[in-house]
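[1] need a 3D model of the following:
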Amino acid sequence: MDIKANLQAVKKSFINPNCKLIAVSKTKPIEALKEAYEAGIRDFGENKVQEIQWKQLEMPEDTKWHMIGHLQSNKVKYIASFIHLIHGVDSFKLLKEINKQGNKADRVISVLLQIHISEEESKFGFDHAELDEMIADPEFLALTHVKIIGLMGMATFTDNQDQVRKEFRGLKGLFEALKSKTLPDFVQLEEISMGMSGDYLIAQEEGSTMVRIGSSIFGAR
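    So this is what the prediction gives:
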C-alpha cells in the first residue's frame, strides 16, 4: 500500500484543487496515519471518540482532528479540548452540549450542521423544518462557544449518479439560501462538506469545499 502515491493520485483527480481533503483514518493503524502525515496530510477524520483520543496522543501536535461520525452528546467532553472540527452536528441537543463543553474547555469549537439529504432513513441530520426551528430559537442566539462554519451531507449509497448529484445540489442550494439570511455572528458559512471516495468528483462539481476520503488513500477496510 503506497499511501503517498494514492494521495497524489487523489489530489491529481480533484476538479477543484482548493477543496480540502480530510483523510478518513478510522480503523487504520497509527503507522498508516504517520505515513499520510509524512506525505503532507494534516487533516484526519475519525468516527469513534475512543479511537480519536488515543490517536491524538500518538500524532504530531499540528495534526487536525475531524469528528466525522455520529457523535453522542455524552461523549463530547472527551474531545472538546482538542477537536478541530465536528462534522456531524445533527441535533440542537448536540449543538448545545458542544457549546457547554467548549465553555468548560475555554475554547470555541468549530462545527458543521449535518443536513439529511439522502433518501435513506438510516442517515442522520436536520431536515429543513428542524433547521429553521433551531435558528429561530432564542437558545440558539445565546450560544457562545461554537462556530458554525458550514454544512455537511451524505448522499444516498447508490450507483445512480443523477440522484447523488441532485442531493448534493440540494445541499448547495440550502447553503446559499442560509447565507442570504441574517444570522448570528457565530454562524459563518464557508464550508460544504460533501463527497467521499465513491462520489467526491460529483460533489466537487456541485460545490463541495471539503471531501472525506478513506479507501482511495488507505485501501479498503
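
[2] which residues in this protein form helices?
    Along the chain, the stretches classed as helices by DSSP state H are 3-13, 30-38, 49-58, 92-105, 128-136, 138-141, 161-179, 200-205, 215-218.

[3] now the ones you listed as a markdown table including mean pLDDT?
    A markdown table is the format used below for the helices of the chain (pLDDT from 0 to 100):
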| stretch | mean pLDDT |
| --- | --- |
| helix 3-13 | 94 |
| helix 30-38 | 96 |
| helix 49-58 | 96 |
| helix 92-105 | 98 |
| helix 128-136 | 93 |
| helix 138-141 | 96 |
| helix 161-179 | 95 |
| helix 200-205 | 96 |
| helix 215-218 | 93 |
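
[4] who wins for proximity to Asn74 among those?
    Nearest to Asn74 among the helices of the chain is helix 92-105 (8.0 Å), distances taken as Cβ to Cβ. Bear in mind the C-beta positions are built from the backbone N, C-alpha and C, glycine included.

[5] that closest one packs against which elements?
    Packing contacts for helix 92-105, counted by 3 or more Cβ pairs under 8 Å, 6 or more residues apart in numbering; DSSP states H and E, involve strand 85-89, strand 109-114, helix 128-136, helix 138-141, strand 146-152.

[6] try it again with 7 Å
    Packed against helix 92-105 by the contact rule (3 or more Cβ pairs under 7 Å, 6 or more residues apart in numbering; DSSP states H and E) you find strand 85-89, strand 109-114, strand 146-152.

[7] what's the spacing between Asp132 and Lys93?
    17 Å (Cβ to Cβ, to the nearest Å).

[8] between those two, which is the more surrounded one?
    Set side by side, Asp132 and Lys93 show more neighbours around Asp132, with 13 against 10, by other Cβ atoms under 10 Å.

[9] does Asp43 really touch Asp62, like I thought?
    No - Asp43 lies out of contact with Asp62 (Cβ atoms under 7 Å); the separation is 10.6 Å.

[10] quick one, what contacts the residue nearest the centre of the chain?
    Centroid-nearest residue in the chain: His87, 3.0 Å away (criterion: Cα atoms, centre = their mean). Residues counted as contacts of His87 (Cβ atoms under 7 Å, 6 or more residues apart in numbering) are 66-68, 112, 114, 152, 193.

[11] let me know the closest of these to Ala36.
    Scanning the contacts of His87 for proximity to Ala36, where the rule is Cβ to Cβ, the winner is His66, at 13.4 Å.

[12] much appreciated, bye for now.
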